[in-house]
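Peer 1: Task: produce atomic coordinates for the following.
(one chain, ligands or ions: 1)
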Amino acid sequence: MTPKHSRRQFLKNTAKGTFSLMAMSAVPLSLTACNDLENINTSAMANLGPLEELKTGPFPKKVDYVVTIEDGWITQERSGFVFIQLEEKNNEMMIMSPICTHLGCTASFAKEEQIKNGVTFFCPCHGGQYDEFGNNIGGPPPRPLDLFQPFIKDGNVYIPVLSPTERNV
Ligand code: FES
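Peer 2: I've put the predicted structure just below:
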């Protein structure tokens, strides 16, 4: 079995619900997540890496990923990234999508002078501003950055890249 094939098989297993077996309570750091897979597209799960590394600051931090997406007979590899923040009050790790909630451009870390004004993430398309927890604080974005529900397998954190979750505000 080639590495690519075994990876494909892994993703297929994932789609069959392997992730529903994971016990979130077993992880040392709680995550902003649930195990409800009903509304989650698990056909494209990206491995963000070991939880032990991800829970280490400084926060917020950018974490890159590469994911294989299978749609019918088309398989494509896509790269992306997320922002990870530690919500200290509840000791929860937030995994945020960088996709701006205005019109879908990609937000990045703010520049020095913007940070002085409380902006952590900035969308260059129309000047969208978000604070360190991804809350929209300026410009046209109508809501905070979306979150990914994480799933743990063998100590690694996976996210369903096609199914970010809107926050209730
Ligand atoms: S798309 Fe980000 S501010 Fe418009």
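
Peer 1: Name whatever forms a beta bridge with Ile84.
Peer 2: Ile84 forms beta bridges with Lys61, Ile95, as assigned by DSSP bridges.

Peer 1: quick one, what contacts it?
Peer 2: Shown in contact with Ile84 (CB atoms under 8 Å, 6 or more residues apart in numbering): 48, 54, 59-63, 93-96. Quick note: C-beta positions are derived from backbone N, CA and C, even for glycine.

Peer 1: if we go to 6 Å?
Peer 2: Residues in contact with Ile84 (CB atoms under 6 Å, 6 or more residues apart in numbering) are 61, 63, 95.

Peer 1: Ranking by neighbours, what's the top pick from the residues you listed?
Peer 2: Ile95 (22 neighbours; other CB atoms under 10 Å).

Peer 1: ok so, going back, using CSV, lay out the contacts of Ile84 together with distance to the ligand and pLDDT.
Peer 2: Shown next, in CSV, are these (distance: CB to the nearest ligand atom, whole Å; pLDDT from 0 to 100):
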residue, distance to the ligand, pLDDT
Lys61, 21, 97
Val63, 21, 98
Ile95, 20, 95
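
Peer 1: I'd like those as CSV, with distance to Leu162 appended.
Peer 2: Output for the contacts of Ile84, formatted as CSV (distance: CB to CB, whole Å):
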residue, distance to Leu162
Lys61, 23
Val63, 18
Ile95, 14
